[in-house]
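Undergrad: fold the following, please.
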Amino acid sequence: MRETPHKARFDRLDRLSRQLDSVFRIPGTRFRVGYDAIAGVLPVIGDAAAALPAAWILIESYRMGLPPAKLARQGLNLAVDSVIGSIPVLGTIFDAAFRSNLRNVEILRGHLEALDRS
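TA: Down below sits the predicted model:
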């Protein structure tokens, strides 16, 4: 992505999504987990705490002009992550695999890159 008015904001969201979804590598594997999956180990409180920065990604995407259909897709990713992620044990595994924050930042990246090309 070239230098745009949104680049610094996007870069912060990109770093946040990586911290939430893939900051740690599980030793002996290629699999990565982030704070979202780790927080999910704590029932209710952990999932709620992980949902706050995830919601921030949606808010910033809205502020950066992401169209309503793509915002809805981001919201669906967050809802699926929150609902299934709240299931004990299975939810933690799902959080580690689904990576809704990385998905949502990729939706925003695609939109901003399309704007750059036009």
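Undergrad: use CA for all of it now, contacts and neighbours both
TA: Noted.
Undergrad: which pLDDT value belongs to Q74?
TA: pLDDT recorded at Q74 is 98.
Undergrad: tell me the secondary structure for it?
TA: Counting by DSSP: H, G, I helix; E, B strand; the rest coil, the backbone at Q74 sits in helix.
Undergrad: what about the nearest residue to it once chain neighbours are set aside, how many residues nearby?
TA: Nearest non-adjacent residue to Q74, counting by CA to CA, 6 or more residues apart in numbering: N104, 5.3 Å away. Using other CA atoms under 10 Å, N104 has 25 neighbouring residues.
Undergrad: show me what contacts N104?
TA: I57, L58, Q74, N77 (CA atoms under 8 Å, 6 or more residues apart in numbering).
Undergrad: for this structure, what spans make up the strands?
TA: Ranges of strands within the chain are 24-25, 32-33, based on DSSP state E.
Undergrad: looking at those strands, which is closest to I45?
TA: strand 32-33 (18.6 Å; CA to CA).
Undergrad: which neighbouring elements make contact with the closest one?
TA: Secondary-structure packing of strand 32-33 (3 or more CA pairs under 8 Å, 6 or more residues apart in numbering; DSSP states H and E): helix 7-22, strand 24-25.
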